[in-house]
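Engineer: pasted the sequence and its predicted model underneath.
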Amino acid sequence: MTRQEVFNWCGQQYGTEPEYPWDDWNVVLRHTDNQKWYGLIMEVGRDKLGLSGDGEVDILNVKR
């Protein structure tokens, strides 16, 4: 699933838009009523995850 697909789904389900609070590609998804976050998409280096190759991958952290 791509970032855009996640954003589209969250927009349809929860009426939320992605926020970019930092000067990078990391994204926060927040509830509209209380502004608490429920999702974070962050770029993490492949080497940090024990994956082969160079570059970064997107990680989705969902808060329950």
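Structural biologist: Arrived safely, thanks for sending.
Engineer: and the biggest strand by length in the chain, which strands flank it?
Structural biologist: Longest strand in the chain, counting residues (DSSP state E): strand 37-45. Strand 37-45 pairs in its sheet with strand 27-30 (antiparallel), strand 56-62 (antiparallel), by DSSP bridges.
Engineer: neighbours around Leu29, how many?
Structural biologist: Neighbour count of Leu29, defined by other C-beta atoms under 10 Å: 22. C-beta coordinates here come from the backbone N, C-alpha and C atoms, glycine included.
Engineer: what about the nearest residue to it once chain neighbours are set aside, neighbour count?
Structural biologist: Of all residues not flanking Leu29 in the chain, Gly39 sits nearest, at 3.6 Å (C-beta to C-beta, 6 or more residues apart in numbering). For Gly39, the count of nearby residues is 19 (other C-beta under 10 Å).
Engineer: if I read this right, Gly39 contacts Asn26, doesn't it?
Structural biologist: No: if you go by C-beta atoms under 8 Å, Gly39 and Asn26 don't touch, sitting 11.4 Å apart.
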